[in-house]
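> no sequence on this one, just coordinates:
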């Protein structure tokens, strides 16, 4: 599985199956940062090209290195977030 981040594709900012002919991000990382992914409802309805894609909350690296626009938290904290949210939950990033 992957996430299309190529604004030239009709699948821009959407979950896709691999292989894929446009640019994408693999939703598998050997460092386990994508073990759990929450897709934030950013630029999804409607999707506007070049306005951002693949904005996730995911597992942080052990040293909490910066992400490329995502939010990363410990796996333990991410599991706790999952217990507390539902489809109607609004997450505000400040």
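Here it is on my side, so go on. Small disclaimer: the values here were computed from a predicted structure and weren't measured.

> would you mind naming the residues that bridge with the residue most central in space within the chain?
By C-alpha atoms, centre = their mean, the chain has its centre lying nearest to residue 56, at 2.7 Å. For residue 56, the residues forming beta bridges with it (DSSP bridges) are residue 39.

> mind listing what it touches?
34, 37-40, 70-71 (C-beta atoms under 8 Å, 6 or more residues apart in numbering). Backbone N, C-alpha and C define where each C-beta goes, glycine included.

> need those residues in JSON lines with pLDDT and distance to residue 27, can you?
Below are those laid out as JSON lines (pLDDT from 0 to 100; distance: C-beta to C-beta, whole Å):
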{"residue": "34", "pLDDT": "96", "distance to residue 27": "5"}
{"residue": "37", "pLDDT": "96", "distance to residue 27": "7"}
{"residue": "38", "pLDDT": "95", "distance to residue 27": "12"}
{"residue": "39", "pLDDT": "94", "distance to residue 27": "10"}
{"residue": "40", "pLDDT": "91", "distance to residue 27": "15"}
{"residue": "70", "pLDDT": "93", "distance to residue 27": "12"}
{"residue": "71", "pLDDT": "94", "distance to residue 27": "16"}
